[in-house]
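[1] just need the structure, nothing else, for what follows:
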Amino acid sequence: MATQATDGAALRQMVNLARKQSISFAFCPGSKNDDVLLLDKRQPPAGLAKDAKKIGSSPKTAFGRMRADAKTIQLECESTLPNLAKSIRKYLKDNGVSTDVQLVDGAAPVQHEQEKGGDTVPQDTSAASEPKPGVDKAAQRALSTQLKDALMKAARIGPDAQRLATAATKQIAAQIKRNELEAATKSLSELAERLRGAQATSAKQPPPDQAAPDLAGARRDWARARKSAAGDVRTLIAGVAKVTGETEGLGHAQREIAKLVQPIRQLDTRLDTLLAQIEKAGSASERQKLIKAAQRQIGNHVGLMNTAFFKAVDQSGFADTKIRATVLGSLRKVNKAIGA
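    Prediction:
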């Protein structure tokens with residue numbers, strides 16, 4: 001809803017826009033130089049007229065479509081008023097826009113306003129001779145686009161929302177076709193409200209039954225992989241010790257061999273702890289936070305296995321080990337279990 005009249009720089013900007021495309025207008029005359037003119041490139045004229053009535057000091061409004069060229073503003077009215085062209089020309093001039101204003105084909109007949117004595121107010125002769133209102137194609141297209149958007153939104157929400165939208169579509173499409181723009185705007189607003197309700201209801205419903213991720217199985221497999229990798233490292237150390245122990249001059253090798261244990265110690269219990277916390281997570285947001293932490297830990301372990309040492313260790317020849325294959329295989333299972 002517009003909250004104030006279009007004036008000043010905003011008015012000049014909209015007039016420039018009207019030279020490129022047709023825009024909606026609504027005019028509500030005031031009693032003491034407090035006329036209200038609203039311009040909008042999206043809102044239908046009838047809806048804009050409602051806003052003008054709320055802002056203005058008179059229940060009378062004229063509304064329709066406006067277009068312009070370098071010298072003239074042309075008004076195609078769905079509803080008009082006496083002396084409309086003159087009133088809008090004065091409003092524009094007061095806001096720094098000097099231009100002629102004309103009512104063109106498609107304008108509606110002038111509304112006959114009566115004074116207290118019952119005499120009819122003199123009519124603007126140019127408005128009195130204008131033909132009946134035509135079809136507002138631009139407004140129809142805008143409303144049709146809104147209807148398509150509502151249907152797409154309903155499809156994203158789910159079956160219940162789709163049924164709501166499908167039921168309303170026929171009526172709204174017919175209103176648009178008959179040029180009942182105010183009624184179509186109201187119907188679209190009501191549909192949007194119902195879709196918001198359907199979306200809220202859908203968000204509260206539990207997701208469809210799905211096979212629960214086997215986190216417990218992934219934890220057991222990860223524990224076995226860590227134990228197997230640690231055992232393979234011990235086998236490797238024993239194999240290296242056996243070879244170097246029988247070779248003269250390699251007495252210091254035992255101390256160096258012991259250092260092989262250090263990298264494998266990085267495969268600690270932190271990932272297992274995170275998996276246990278994911279199993280017990282009380283909310284979706286908490287679960288997602290823990291999953292991200294687990295993914296970082298998995299990434300660290302994969303990075304360790306991709307170092308030159310672990311890429312080469314299983315082909316060392318000192319012992320038959322499968323450290324890298326065992327660890328990476330288990331990490332893939334964990335990754336799958338947490339839905340990553």
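[2] so Tyr91 versus Ala174, what's the distance?
    The gap separating Tyr91 from Ala174 is 36 Å, by Cβ to Cβ, to the nearest Å. Yep, even glycine has a C-beta here, placed from its N, CA and C like the rest.
[3] also Ala165?
    15 Å.
[4] compare these two and say which is more crowded by neighbours.
    Ala165 (22 against 13; other Cβ atoms under 10 Å).
[5] shouldn't the more buried one be in contact with Asp149?
    No: Ala165 is beyond contact range of Asp149, at 10.4 Å (criterion: Cβ atoms under 8 Å).
[6] which helices and strands does the lengthiest helix in the chain pack with?
    Ranked by residue count, the top helix of the chain under DSSP state H comes out as helix 215-245. Using 3 or more Cβ pairs under 8 Å, 6 or more residues apart in numbering; DSSP states H and E, the elements in contact with helix 215-245 are helix 253-258, helix 261-264, helix 270-280, helix 323-337.
[7] which strands or helices does the last one pack on?
    Other elements packing on helix 323-337 under the criterion 3+ Cβ pairs under 8 Å, 6+ apart are helix 215-245, helix 270-280, helix 284-305, helix 308-313.
[8] how about 7 Å then?
    Helix 323-337 sits against helix 215-245, helix 284-305, helix 308-313, with contacts defined as 3 or more Cβ pairs under 7 Å, 6 or more residues apart in numbering; DSSP states H and E.
[9] out of the ones you listed, which gets nearest to Ser189?
    Closest of the helices and strands packed on helix 323-337 to Ser189 is helix 284-305, at 32.1 Å (criterion: Cβ to Cβ).
[10] what's the angle from the closest one to helix 270-280?
    160 degrees (axes from the mean of the first three to the mean of the last three Cα atoms, to 10 degrees).
[11] residues contacting helix 284-305, please?
    Helix 284-305 has contacts (Cβ atoms under 7 Å, 6 or more residues apart in numbering) with 263, 266-267, 270-271, 274-275, 277-278, 281, 310, 324, 327-328, 331, 334-335, 338, 340.
[12] can you check stretch 174-181 too?
    Contacts of stretch 174-181 (Cβ under 7 Å, 6+ apart): Pro44, Ala46, Val135, Asp136, Ala139, Gln140, Leu143, Ser144, Ala183, Ala184, Ser187.
[13] before we move on, the earlier item: out of the helices and strands packed on helix 323-337, flag the one nearest Asp40.
    helix 284-305 (39.9 Å).
[14] put the alpha carbons of the closest one into PDB.
    The C-alpha coordinates for helix 284-305 follow below in PDB (Å, rounded to 0.1, in the frame of the first residue of the first chain):
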ATOM      1  CA  ALA A 284      17.600 -29.900  13.700                       C
ATOM      2  CA  SER A 285      19.800 -26.800  14.100                       C
ATOM      3  CA  GLU A 286      21.900 -28.500  16.900                       C
ATOM      4  CA  ARG A 287      22.200 -31.600  14.700                       C
ATOM      5  CA  GLN A 288      23.300 -29.600  11.700                       C
ATOM      6  CA  LYS A 289      26.000 -27.800  13.800                       C
ATOM      7  CA  LEU A 290      27.300 -31.200  15.000                       C
ATOM      8  CA  ILE A 291      27.300 -32.600  11.500                       C
ATOM      9  CA  LYS A 292      29.400 -29.700  10.300                       C
ATOM     10  CA  ALA A 293      31.900 -30.300  13.100                       C
ATOM     11  CA  ALA A 294      32.000 -34.000  12.200                       C
ATOM     12  CA  GLN A 295      32.600 -33.200   8.600                       C
ATOM     13  CA  ARG A 296      35.600 -31.000   9.500                       C
ATOM     14  CA  GLN A 297      37.000 -33.900  11.600                       C
ATOM     15  CA  ILE A 298      36.500 -36.300   8.700                       C
ATOM     16  CA  GLY A 299      38.300 -33.800   6.500                       C
ATOM     17  CA  ASN A 300      41.300 -33.700   8.900                       C
ATOM     18  CA  HIS A 301      41.500 -37.500   8.900                       C
ATOM     19  CA  VAL A 302      41.300 -37.700   5.100                       C
ATOM     20  CA  GLY A 303      44.000 -35.100   4.900                       C
ATOM     21  CA  LEU A 304      46.200 -37.200   7.200                       C
ATOM     22  CA  MET A 305      45.700 -40.300   5.000                       C
END
